[in-house]
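Undergrad: Test case, fold it:
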Amino acid sequence: MAKATQIRSIETLACDAGWRNYHFVKITTEDGIVGWSEYDEGFGAPGVTTAIERLGTRVVGNNAFQHERIYAELFAATRPAAGGVVALALGAIENALLDVKAKALGVPCYELLGGKIRDRIRVYWSHCATWRINHPDWFKPAITDLDGVKGIGREVREKGFTAMKTNIFVYADGKPQGWRPGFGSPFQPELNVDRTVLRNLCMHLEAIRDGAGPDVDLLLDLNFNARTEGYLKILRTIEDMDMFWVELDTFNPQALGYIRRQSPHPISSCETLLGLREFLPYFNEQAMDVAIVDTPWNGVWQSMKIAAAAEHYEVNVAPHNFYGHLCTMMNAHFSAAVPNLRIMETDIDRLAWDHELFAHVPDIVDGHLVIPDRPGWGTEPNEEGLRAHPPKSKGGLLNYGQKK
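TA: Below is the predicted model of the structure:
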């Protein structure tokens, strides 16, 4: 604790990540300790980098150990515009400060969170079939028909994973295409769910279940792609399917509670909420079976507070994690320490150069992520690797639905 921990600089870095960019915060202290975090601009949040750089001028010169004070001061300074991009910037700074503090103490970050409860985290294969359908240039082999969907289901089982999550697709002339009107692709702002969508969703789920067999848990992510009526149509249509959960998002906690009370399947939600204040109306409504928390967005320290509140409402949590390997490790430390964990999301299909960007990649054995005991988050960006893959000028959801 006697170490000098004054913050000397805060920087942002980025690199090419296929259909988006990866983004990082680098905090350096006067005694040379470097703390890292990963954040995201591609999931509907352009401008986070600018916010971090502006807020960073207030961070320099502070004691990195005092992350709660720094967070509180930054929140106070931005209170009139709390939430949104500003909240994401605060979360990114907090996560880099946790890495600094843990490295200064020579301990893994989970020790700052109360110590680990579990050594291995059960993970589910997220965006299963989705990445190979939507982004075949980066995630191979491409999936072009139902046989390919069945094949990746079989691959999940053969690689030892016990759970997988997929999305909604429609099949035109047998070829799958992502159906995500909530993100403007196709542009259908009314978000109606018709018979074609329902029929194609059933085809897709049956194919992936056929490949995976009966013992792999199946999760479905509906995102923001319907309204209350449409979500209920989907849930009734797949009532007889064995689902681990159905994940969906709505900005109205009463609507989500109404859906949950009629759903034949467990409901997970809330991955885009920011801060405990936004979660509380959903908890009070008993709106979800599992609360999904985006720890890169919220900050891991703040996320522990959200998880503690969830436990009061007898709700388990699951981290939102579809970013780079540093985000995976940040989420892993949260998952190791939080008592009321359900399962952890992770993407198994990776970019060909992902391993070049990080000092260590997650160690996944038999469908479980093994928690390392290295100081800090247990990995960090490889700056040489980042420079070898410079960021693109566009990408992420802002380019969804646009013609190339």
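Undergrad: my guess is residue 136 contacts residue 130, does it?
TA: No - in this structure, residue 136 is not within contact of residue 130 by C-beta atoms under 8 Å, at 11.2 Å. C-beta: built from backbone N, CA, C; applies to glycine.
Undergrad: For those two, indicate the residue with more neighbours.
TA: residue 130 (24 against 13; other C-beta atoms under 10 Å).
Undergrad: And the pLDDT for that one?
TA: Per-residue confidence (pLDDT) for residue 130: 98.
Undergrad: Equivalent analysis for residue 395, please.
TA: Reported pLDDT for residue 395: 78.
Undergrad: and the residue lying closest to it once chain neighbours are set aside, bridged to which residues?
TA: Distances taken as C-beta to C-beta, 6 or more residues apart in numbering place residue 20 nearest to residue 395, at 4.3 Å, with adjacent residues excluded. In this structure, residue 20 bridges to residue 17 when assessed by DSSP bridges.
Undergrad: and the gap between residue 20 and residue 339?
TA: Here the criterion is C-beta to C-beta, to the nearest Å. By it, residue 20 lies 33 Å from residue 339.
Undergrad: more neighbours, the two?
TA: Neighbour count, other C-beta under 10 Å: between residue 20 and residue 339, residue 20 has more, with 22 against 12.
Undergrad: Please list all residues in contact with that one.
TA: For residue 20, the contact set (C-beta atoms under 8 Å, 6 or more residues apart in numbering) comprises 40-42, 395-396.
Undergrad: please redo it, this time with the cut-off set to 6 Å
TA: By C-beta atoms under 6 Å, 6 or more residues apart in numbering, the contact list for residue 20 reads 42, 395-396.
Undergrad: Tabulate those residues (JSON lines), appending distance to residue 261.
TA: Formatted as JSON lines, these follow (distance: C-beta to C-beta, whole Å):
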{"residue": "42", "distance to residue 261": "34"}
{"residue": "395", "distance to residue 261": "39"}
{"residue": "396", "distance to residue 261": "35"}
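Undergrad: Of these, which is the nearest to residue 280?
TA: residue 42 (27.9 Å; C-beta to C-beta).
Undergrad: Got phi/psi on the closest residue to that closest one other than its chain neighbours?
TA: Leaving aside its chain neighbours, residue 42 sits nearest to residue 396 (2.6 Å; criterion: C-beta to C-beta, 6+ apart). Here the main-chain torsion angles of residue 396 (degrees, to the nearest 10) amount to phi 70, psi -160.
Undergrad: Next, the buried residues of stretch 203-215.
TA: 203-205, 207-209, 211-212 (16 or more other C-beta atoms under 10 Å).
Undergrad: I should have written stretch 119-128 there, sorry.
TA: 120-128.
Undergrad: what's the farthest-apart pair in the residues you listed?
TA: Those two in the buried residues of stretch 119-128 that are separated most widely, counting by C-beta to C-beta, are 120 and 127, at 22.1 Å.
Undergrad: okay, now residue 195: neighbour count?
TA: For residue 195, using other C-beta under 10 Å, the count is 9.
Undergrad: Now do it against residue 267, distance only.
TA: Relative to residue 267, and taking C-beta to C-beta, residue 195 is found at 23 Å.
Undergrad: likewise residue 44?
TA: 22 Å.
Undergrad: ok, those two, which is more surrounded?
TA: residue 267 (22 against 15).
Undergrad: Which parts of the stretch 151-300 of the chain are helices?
TA: Secondary structure of the stretch 151-300 of the chain (DSSP state H, counting those that start in this stretch): helices at 195-212, 228-237, 253-262, 276-284, 295-298, 300-312.
Undergrad: Tell me which of those helices lies nearest to residue 246.
TA: Closest among the helices of the stretch 151-300 of the chain, using C-beta to C-beta: helix 228-237, at 6.4 Å.
Undergrad: Just the mean pLDDT for the closest one, thanks.
TA: Averaging pLDDT along helix 228-237 gives 98.
Undergrad: Could you export that helix as PDB, CA atoms only?
TA: What follows is helix 228-237 as a C-alpha-only set of coordinates in PDB (Å, rounded to 0.1, in the frame of the first residue of the first chain):
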ATOM      1  CA  THR A 228     -44.600  -6.900 -26.500                       C
ATOM      2  CA  GLU A 229     -47.100  -8.500 -28.800                       C
ATOM      3  CA  GLY A 230     -44.300  -9.900 -31.000                       C
ATOM      4  CA  TYR A 231     -42.300 -11.300 -28.100                       C
ATOM      5  CA  LEU A 232     -45.300 -13.100 -26.900                       C
ATOM      6  CA  LYS A 233     -46.000 -14.600 -30.300                       C
ATOM      7  CA  ILE A 234     -42.500 -15.900 -30.500                       C
ATOM      8  CA  LEU A 235     -42.600 -17.400 -26.900                       C
ATOM      9  CA  ARG A 236     -45.900 -19.100 -27.700                       C
ATOM     10  CA  THR A 237     -44.600 -20.500 -31.000                       C
END
